[in-house]
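**Q** 3D model of this:
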Amino acid sequence: METTQTQQESTMNVKPQQEHQWLQKLVGEWTYETEAKMKSDQPPEKATGTESVRSLGELWVLAEGQGEMCGSHATTLMTLGYDPQKQRYVGTWIGSMMTYLWLYDGELESDKKVLTLNSDGPAMIDDGKMAKYKDVIEFKSDDHRVLTSHVLADDGHWHHFMTANYRRQQA
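**A** Residues are numbered from 1 along each chain as shown. So this is what the prediction gives:
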């Protein structure tokens, strides 16, 4: 019982740490342009959209996106936070075009510009199989960030399949 109470106390009423403060850089209104190459024998798909990122307290950010994905309108929602007990960034991603809930686990590189988020999800090519993914968020400046998505291929190499450039909307 004491362990459970200690765990609860360490996850409740937490003061924001520098890792939580880093997430606040995402807060704001963004536009994005994506280029995704799902299959090697097809040309890349391009799309545009918007993303509104808000803070939930000082510990979490919620990013709601609106735009085109897979040829139709899509809404996406990403949550990101930092778990001091795990010393890892954690979060989720859902999209209106699928039923899968993506769970993120990641870390910030020492330069404090790149956050790598790992996840397992349905393989894009082979229905029924699962694959390993990583989404990499890199800040080029306070007003420009790039998201790249990668899947671990059967040959053991990471395959880059999507790039999204996000630019902060100026007031």
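**Q** which strands and helices sit next to the host helix or strand of residue 131?
**A** Using DSSP states H and E, residue 131 sits in strand 130-141. Contacts defined by 3 or more CB pairs under 8 Å, 6 or more residues apart in numbering; DSSP states H and E place strand 130-141 against strand 102-108, strand 114-122, strand 144-152. No exception for glycine: its C-beta is placed from N, CA and C like everyone else's.
**Q** With mean pLDDT as new columns, can these be given to me in JSON lines?
**A** Converted to JSON lines, these look like this (pLDDT from 0 to 100):
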{"stretch": "strand 102-108", "mean pLDDT": "98"}
{"stretch": "strand 114-122", "mean pLDDT": "97"}
{"stretch": "strand 144-152", "mean pLDDT": "97"}
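**Q** Let me have those strands in TSV, extended by distance to residue 77 and mean neighbour count.
**A** What follows is these, written out as TSV (distance: least, CB to CB, whole Å; neighbours: other CB atoms under 10 Å):
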stretch	distance to residue 77	mean neighbour count
strand 102-108	11	17
strand 114-122	15	18
strand 144-152	15	17
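**Q** how about the ones you listed, which one is nearest residue 12?
**A** strand 102-108 (21.5 Å; CB to CB).
**Q** what comes into contact with that closest one?
**A** Residues from elsewhere that reach strand 102-108, judged by CB atoms under 8 Å, 6 or more residues apart in numbering: 19, 22, 80, 86, 88-94, 114-121, 133-135.
**Q** Surely residue 25 is within a strand?
**A** No: Residue 25: not assigned to a strand; according to DSSP: H, G, I helix; E, B strand; the rest coil it is helix.
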